[in-house]
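Enquirer: give the three-dimensional model of this entry:
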Amino acid sequence: MPRSDTKKSGFFKGVLDGLRSSVTQPVKPEADVEETLRPEHFKVSRTVRHGFPFQPTALAFDPVQRILAIGTKNGSLRLFGRPGVDCTIQHVLEYAVIQILFLVNEGALISVCADDTLHLWNLRQKKPEVVHTLKFQKERITHCHLPFRSKWLYIGTERGNLHVVNIESFTLSGYVINWNKAIELSRKTHPGAVVHVSDNPVDSNKLLIGFETGALVLWDLRSRTADARFQHSEALHSVAWHHEGKQFMCSHSDGSLTTWNIRAPAKPINVIFPHVRNAKEGKPDPCKPIYKAEWKTVRGRTPLLFFREAFPSTRVARHRL
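Expert: Numbering: from 1, shown residues only. The predicted structure follows:
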């Protein structure tokens with residue numbers, strides 16, 4: 001019969017052998033892997049943009065080439081055209097775009113920025129570029145107008161003056177309409193900044209200039225004199241011509257729309273408050289300004305009037321269109 005100590009020694013020997021076999025043997029290091037990727041392979045770049053531009057400040061449309069341009073607060077321009085046409089361009093200085101004017105069907109547009117600089121863009125290439133820039137030094141730009149197929153750009157300023165730019169050379173011409181010459185004795189005080197400029201739809205020689213205080217002047221470009229002067233007590237926000245060129249409509253700060261006849265400048269021929277409502281006391285509820293009005297005519301139909309913002313002043317800002 002085997003001895004007990006022999007059994008024990010055999011048992012411990014088996015345990016030790018098991019422990020030795022369970023110890024992981026060192027692995028031979030593998031050969032180094034050659035790295036072929038470089039930092040430039042991971043460079044982040046913008047490939048596409050989606051959605052409506054952030055913080056839009058200006059909008060314009062070329063009805064012939066059907067291009068929509070949207071300017072933003074950070075100085076970018078987004079161009080939308082037919083399916084597949086979507087381009088974003090950026091001004092060097094990131095000032096807000098306050099107005100955009102197309103040179104209709106010419107593959108070009110003019111952007112007006114908050115630093116009182118005009119930029120002429122060439123769109124007839126894969127990547128649109130600025131070809132001319134004009135900086136206003138002494139006056140702030142408030143409103144611009146470029147008549148259809150015209151080489152003259154009209155620039156209204158905060159001081160109430162109107163300057164003319166030749167868009168072919170992109171330089172100021174010598175033609176200036178000073179505010180005191182425009183209004184003469186029709187009022188005793190400064191008319192304020194120019195907020196509207198447009199040409200008569202049937203006579204491009206007649207220019208309608210609107211000032212923020214409610215004064216308007218129909219100016220004859222050839223004779224350099226005023227044909228008529230109009231005055232309203234409420235601040236002016238926008239003007240829209242009737243297609244026949246005999247009447248125009250104004251939107252005002254009190255929520256009213258006034259219609260004027262160019263042959264009878266003494267007073268408006270019609271005044272309406274589209275959104276006025278009577279309060280509990282029987283008094284009309286005050287309305288906020290109508291910032292934009294458009295007077296459109298469809299052949300064979302009654303003219304259409306479009307306007308925005310005339311809600312009662314008690315409504316919050318989020319309801320604005």
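
Enquirer: point out where the stretch 101-250 of the chain drops to low pLDDT.
Expert: Under the criterion pLDDT under 70, no range of the stretch 101-250 of the chain is flagged.

Enquirer: quick one: the strands in it?
Expert: Under the criterion DSSP state E, counting those that start in this stretch, the stretch 101-250 of the chain carries strands at the ranges 108-113, 117-122, 129-135, 141-145, 152-157, 162-166, 171-177, 194-200, 203-211, 215-220, 225-231, 236-241, 247-252.

Enquirer: what's the third one in contact with?
Expert: Contacts with strand 129-135, where a contact means CB atoms under 8 Å, 6 or more residues apart in numbering, come from 91, 115-122, 165, 170-172. Every C-beta, even on glycine, is put in place using the N, C-alpha and C of the backbone.

Enquirer: how does this structure divide into domains?
Expert: For the chain, the structural domains run 51-135, 237-321, going by automatic domain parsing.

Enquirer: got those as a markdown table, with distance to R187 and mean neighbour count columns?
Expert: Formatted as a markdown table, these follow (distance: least, CB to CB, whole Å; neighbours: other CB atoms under 10 Å):
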| stretch | distance to R187 | mean neighbour count |
| --- | --- | --- |
| domain 51-135 | 27 | 16 |
| domain 237-321 | 13 | 15 |
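
Enquirer: going by mean pLDDT, which of these comes out lowest?
Expert: When the domains of the chain are compared on average pLDDT, domain 237-321 comes out lowest at a mean of 78.

Enquirer: quick one on the thing from earlier: from the contacts of strand 129-135, pick the one nearest T213.
Expert: Using CB to CB, D116 is the member of these that lies nearest T213, at 21.7 Å.

Enquirer: rewinding a little: got the domains of the chain as JSON lines, with distance to A215 columns?
Expert: Rendered in JSON lines, the data for the domains of the chain read as follows (distance: least, CB to CB, whole Å):
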{"stretch": "domain 51-135", "distance to A215": "21"}
{"stretch": "domain 237-321", "distance to A215": "11"}
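
Enquirer: of the ones you listed, which approaches S150 most closely?
Expert: Among those, the nearest to S150 by CB to CB is domain 51-135 (9.4 Å).
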